[in-house]
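[1] need coordinates for the below:
(one chain, ligands or ions: 1)
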Amino acid sequence: MMITIEIDENSGFCFGVVNAINKAEKELEKGKLYCIGDIVHNTLEVERLQKKGLITIGHEKFGELRNCRVLFRAHGEPPSSYCTAKQRGIDVIDASCPVVLGLQKKIREAYEEIKNSGGQVVIYGKKGHSEVVGLVGQTNGEAIVVDNEEDIERIDFTKPVIVFSQTTKNLEHFQSISEKIRRRGGENVKVYDTICRKVANRIPQLRDFAARHDVILFVSDEKSSNGRQLYVICKEVNERSYFIHGREDLKKEMFDKAKSVGISGATSTPHRIMKDVAQEILNITK
Ligand code: SF4
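    Residues are numbered from 1 along each chain as shown. Alright, predicted model coming up:
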């Protein structure tokens, strides 16, 4: 019997990533272009753009460049990167996601509002994550990054506290951490839920999707934190969930007695790769 295959229509690039890739492709037509960090957490897609002339660099190399074009990817950059570009005659192609730019602005305003009273901006996020570096940069490096309950101890609850979240964090974890902060600080605490719904809304949708199929193939790169997180959700719902990079990871035994297969992916997984996987399933289960 023919196996049924469904590609999760909610997976694939979010509009922030689509926008960054489109900008990169357009600019690459004009010649060499640098990008700070991987434009998307997907090796195959990065390699595709590298072949077109995109050069991925770190902040150190960025600080050494002069008179060239550099793309700021969807994660956004701190104010110091814009200053460096200006000083060194670098033309910035700003592909920061509008959602991230909006959050940077809110954080900047919150910081201005409370800095004179000794207040603290708290960001629920992963320390060192590029988006978080861009957010902390809005507060002159003073924001407190909280990733777990222990980090809460670094907050001074006798002073005002304004809490935000990195856009791609887990909504339930954010609610739980912010509730603990609120309980400790009472009226001194304001909480803004700034999680991007493009990621958060996917969790309930993905649970339904994973439950609907005999086998789930989750296509992602280990570099994608969003991908690793979403794969765990699939595995919780469907024991026969596999984390794969692409068609080369498929094995016939994965589909033993399966009537339906669901293919899903992270917000950094190109649809093209999921389609390839679907085609390969048909080939190996013939
Ligand atoms: S996940 Fe949301 S905030 Fe992040 S790049 Fe995509 S659309 Fe923008």
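[2] for the ligand, what are the nearby residues on the stretch 1-150 of the chain?
    14-17, 74, 97, 99-100 (Cβ under 6 Å from any ligand atom). All C-beta atoms are positioned from the backbone trio N, CA, C, and that covers glycine.
[3] export these to TSV and tack on secondary structure and pLDDT?
    As requested, those are exported to TSV (DSSP: H, G, I helix; E, B strand; the rest coil; pLDDT from 0 to 100):
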residue	secondary structure	pLDDT
Cys14	coil	88
Phe15	helix	90
Gly16	helix	93
Val17	helix	91
Ala74	coil	95
Cys97	coil	96
Val99	helix	96
Val100	helix	97
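[4] just the buried ones out of these, please.
    Listed as buried from those are 14, 16-17, 74, 97, 99-100; burial here means 16 or more other Cβ atoms under 10 Å.
[5] quick check: Asp8 touching Thr267?
    No - here Asp8 does not reach Thr267: they are 11.6 Å apart, not a contact under Cβ atoms under 8 Å.
[6] the more surrounded of these two?
    Neighbours were counted for Asp8 and for Thr267 using other Cβ atoms under 10 Å; Thr267 has more, 27 against 24.
[7] and the pLDDT at the closest residue to the ligand within the stretch 101-250 of the chain?
    Closest residue of the stretch 101-250 of the chain to the ligand, Cβ to the nearest ligand atom: Cys196 (3.2 Å). Per-residue confidence (pLDDT) for Cys196: 93.
[8] and it, how many neighbours?
    21.
[9] report the spatially closest residue to it, excluding sequence-adjacent ones.
    Once flanking residues are discounted, Cys196 sits nearest to Thr167: 3.9 Å by Cβ to Cβ, 6 or more residues apart in numbering.
[10] likewise Arg202?
    Excluding its sequence neighbours, the residue lying closest to Arg202 (Cβ to Cβ, 6+ apart) is Asn10, at 5.5 Å.
[11] assign the one you found to helix, strand or coil.
    What DSSP: H, G, I helix; E, B strand; the rest coil gives for Asn10 is coil.
[12] can you read off the pLDDT for it?
    As predicted, Asn10 sits at a pLDDT of 90.
[13] tell me which of the residues of the stretch 1-150 of the chain next to the ligand is nearest to Phe218?
    Nearest to Phe218, judged by Cβ to Cβ, of those is Cys14 at 16.5 Å.
[14] isn't that closest one right up against Cys196?
    Yes - between Cys14 and Cys196 there is a contact at 7.5 Å, judged by Cβ under 8 Å.
[15] what about Leu230, neighbour count?
    26.
[16] is it correct that it is in contact with Phe243?
    No - using Cβ under 8 Å, Leu230 is not in contact with Phe243; the gap is 9.8 Å.
[17] now do Tyr34 against Ala95, distance only.
    Remark: distance between Tyr34 and Ala95 (Cβ to Cβ, to the nearest Å) = 12 Å.
[18] more neighbours, those two?
    A side-by-side neighbour count of Tyr34 and Ala95, using other Cβ under 10 Å, places Ala95 first with 22 against 18.
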